[in-house]
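Student: Build the 3D model from these lines:
(one chain, ligands or ions: 1)
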Amino acid sequence: MSEQRMLDKKIVVGVTGSIAAYKAADLVRRLQDEGAQVRVVMTKAACEFITPLTLQALSGYPVATDLLDPSQEASMGHITLARWADWIVIAPASADTISRLVQGRSDDLLSALCLASESPLAVAPAMNNKMWENQATQDNINILQSRDVHIIGPGSGIQACGELGEGRLIEPLELIAELARLMVPAKLQGKRVLITAGPTYEPIDPVRFIGNRSSGKMGFAVAKAAIEAGAIVTLVAGPVHLTTPNGVKRVNVETAQQMCDAVMTDIEQFDIFVACAAVADYRPEQIESNKIKKTQSANLQLNLKATQDIVSTVAEQKTRPFIVGFAAETQSVTDYAQQKLQRKKLDMIAANQVGDGVGFAEDDNALQVFWESGSEVLPLAPKTQLARDLMTLIIERYDAKDST
Ligand code: PMT
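Tutor: Residues are numbered from 1 along each chain as shown. Reported below is the predicted structural model:
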């Protein structure tokens, strides 16, 4: 199992009346997998959607539902729970609960608990998209944020009511990642990290391009890992179909030149640059303004011109960030990666074997990471996990370089 990011954290999960209440079961399990101790509080409306027994069985403790239940007041009443909790997480949080928090109500257990607690509060809204968009809800959210309540989500998509839009409870895994980011001492707090991801498309004519098989998964996972480490993250993404990780500033580009321009804008402001994109090494010298017509000739010749090497351009800057390159190789991975580390003047390089169904587009990957004085193998794992392990190495080497 991966590192437990919430080891011994005491978390009260508040569940309120929403069709998404069933997802609280998954959330409770995953919080425990992360090492957290969990107690559950449910509102009356929540009990209409999922039984307290389910969450009791999962959390291993009685679920608190009533403010004025003598048995619960004797054990884990609202004051005791308020003192016990390191964090309170309300998921799903209905529009009604959000409005009650704003008003400072205390006529049910969950609202009284929130009022009595000094612990950080995270709220994951879930409601119909019109209710979410309503100015009253938006004003309530703004008020909560101004009181340092962490609003996580909502997500968007098809809703239980059949409508499409924002208002779905964020998926438990994403919620956990965001909570972990908020809870774990952030090693890159305040640091600016720039990441490139995905392929580039180099146009031949208005309908054709030269591209490659990069899906962006690895680079997006690195962006997420950097966010989890507390960094301020900008992601320059080639043409991919991936959702931007929460909290990441995304800049979309298509060609190598556009990627280079986006990277070089404000490059001096970044502390770390991770070049994960599969950038075209060559582009058509000339882009035809009309579609190239098929002729009788068996061959068609395209003149290609080298693109600008982005990572090397960054390395030539007077004040340069800590630079991590990637190397995608089909053979002699170690040799080629080490040559690239030197030639491109990188601080670190993460090499992967690609081709034959590995590296590109897959969910899993393996990396060999090299720096001037050492190396480490990161064995086959989901790219999300691999990115976290890579980020741990980057932080170690970045700190070591910073202190010399
Ligand atoms: O996106 P996925 O489907 O998840 O796949 C992940 C990946 C295989 C694309 C990723 O793990 C990876 O290896 N990315 C680097 C791909 C690549 O272009 O490698 P390279 O060996 O050709 O380039 C070496 C380094 O120079 C890279 O950091 C690259 O971003 C950079 N480069 C290359 C050309 C160029 N013009 N400018 C550059 O900055």
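Student: Write out the residues of this protein neighbouring the ligand.
Tutor: Proximity of the chain to the ligand (C-beta under 6 Å from any ligand atom) is limited to residues 196, 198, 214-219, 256, 275-279, 281, 307, 309-311, 325-328, 340, 352, 354, 359-361. Yep, even glycine has a C-beta here, placed from its N, CA and C like the rest.
Student: Among these, name the ones in strands.
Tutor: Secondary structure from DSSP state E places 196, 275, 325-328, 352 of the residues of the chain next to the ligand in strands.
Student: what's the distance between stretch 4-18 and the middle of its chain?
Tutor: 19 Å (C-alpha atoms, centre = their mean, to the nearest Å).
Student: Could you do stretch 19-35 as well?
Tutor: The chain centroid and the centroid of stretch 19-35 are separated by 18 Å under C-alpha atoms, centre = their mean.
Student: same deal with stretch 80-90?
Tutor: 25 Å.
Student: coming back round to it: dump the ones in strands among the residues of the chain next to the ligand to TSV, plus neighbour count and pLDDT.
Tutor: What follows is those, written out as TSV (neighbours: other C-beta atoms under 10 Å; pLDDT from 0 to 100):
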residue	neighbour count	pLDDT
Thr196	30	98
Ala275	28	98
Gly325	25	98
Phe326	26	98
Ala327	23	97
Ala328	21	95
Asn352	20	95
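Student: Using a markdown table, please lay out those together with distance to Trp84.
Tutor: Output for these, formatted as a markdown table (distance: C-beta to C-beta, whole Å):
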| residue | distance to Trp84 |
| --- | --- |
| Thr196 | 45 |
| Ala275 | 46 |
| Gly325 | 47 |
| Phe326 | 45 |
| Ala327 | 50 |
| Ala328 | 50 |
| Asn352 | 45 |
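Student: all helices of the stretch 51-200 of the chain, in order?
Tutor: Per DSSP state H, counting those that start in this stretch, the stretch 51-200 of the chain carries helices over the ranges 52-59, 70-74, 78-84, 95-103, 109-116, 129-133, 135-146, 172-183.
Student: deepest of those, which one?
Tutor: Comparing these by mean neighbour count (mean count of other C-beta atoms under 10 Å), helix 109-116 comes out on top with a mean of 22.
Student: Show me the contact partners of that helix.
Tutor: 12, 14, 16, 41-43, 64-67, 72, 78-79, 81-82, 85, 88, 90, 97, 100-101, 104-106, 121 (C-beta atoms under 8 Å, 6 or more residues apart in numbering).
Student: at 10 Å instead, please
Tutor: 12, 14-16, 41-44, 46, 64-69, 72-73, 76-83, 85, 88, 90, 93, 97, 100-101, 103-106, 119, 121, 123, 149 (C-beta atoms under 10 Å, 6 or more residues apart in numbering).
Student: If I take that helix and helix 95-103, what angle do their directions form?
Tutor: Helix 109-116 runs at 30 degrees relative to helix 95-103, counting by axes from the mean of the first three to the mean of the last three C-alpha atoms, to 10 degrees.
Student: Pretty sure Lys291 sits against Pro206.
Tutor: Yes: applying C-beta atoms under 10 Å as the test, Lys291 and Pro206 come out as touching, 6.0 Å apart.
Student: quick one: common contacting residues for these two?
Tutor: Here Lys291 and Pro206 share no contacting residue, scored by C-beta under 10 Å, 6+ apart.
Student: Do a quick rundown of the strands in the stretch 301-404 of the chain.
Tutor: 304-306, 322-329, 348-353, 364-371, 374-382 (DSSP state E, counting those that start in this stretch).
Student: Looking at those strands, spot the one closest to Ala160.
Tutor: Nearest of the strands of the stretch 301-404 of the chain to Ala160, taken as C-beta to C-beta: strand 374-382 at 29.1 Å.
Student: show me where pLDDT drops low in the stretch 151-300 of the chain?
Tutor: 184-185 (pLDDT under 70).
Student: the strands in it, which residues?
Tutor: 155-158, 164-168, 192-197, 202-203, 209-210, 232-237, 249-252, 272-275, 282-284.
Student: Format those as TSV; extra columns: distance to Ile141.
Tutor: Listed next are the strands of the stretch 151-300 of the chain as TSV, based on distance: least, C-beta to C-beta, whole Å:
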stretch	distance to Ile141
strand 155-158	15
strand 164-168	12
strand 192-197	27
strand 202-203	42
strand 209-210	42
strand 232-237	22
strand 249-252	21
strand 272-275	32
strand 282-284	45
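Student: List just the one of the ones you listed that sits closest to Thr54.
Tutor: Of the strands of the stretch 151-300 of the chain, nearest to Thr54 by C-beta to C-beta is strand 164-168, at 20.8 Å.
Student: residues of that closest one that come out buried?
Tutor: For strand 164-168, a neighbour-count test (16 or more other C-beta atoms under 10 Å) marks 167-168 as buried.
Student: repeat for stretch 294-309
Tutor: Buried residues in stretch 294-309, defined by neighbour count with 16+ other C-beta under 10 Å: 307, 309.
Student: Domain parsing of this structure, as residue ranges.
Tutor: 10-182, 192-284+299-402 (automatic domain parsing).
Student: roughly how far is the first one from the heart of the chain?
Tutor: When distances are taken as C-alpha atoms, centre = their mean, domain 10-182 is centred 21 Å away from the chain's centroid.
Student: Output the longest helix belonging to the chain.
Tutor: Longest helix in the chain by number of residues (criterion: DSSP state H): helix 383-402.
Student: quick revisit: would you format the helices of the stretch 51-200 of the chain as TSV with distance to Ala223 included?
Tutor: Putting the helices of the stretch 51-200 of the chain into TSV (distance: least, C-beta to C-beta, whole Å) gives the following:
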stretch	distance to Ala223
helix 52-59	32
helix 70-74	43
helix 78-84	35
helix 95-103	29
helix 109-116	32
helix 129-133	26
helix 135-146	23
helix 172-183	12
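Student: so Ser117 sits right up against Leu81, yeah?
Tutor: Yes: between Ser117 and Leu81 a contact is recorded at 7.8 Å, counting by C-beta under 10 Å.
Student: okay, the domains of the chain in JSON lines with distance to Gln4 next?
Tutor: Shown next, in JSON lines, are these (distance: least, C-beta to C-beta, whole Å):
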{"stretch": "domain 10-182", "distance to Gln4": "3"}
{"stretch": "domain 192-284+299-402", "distance to Gln4": "13"}
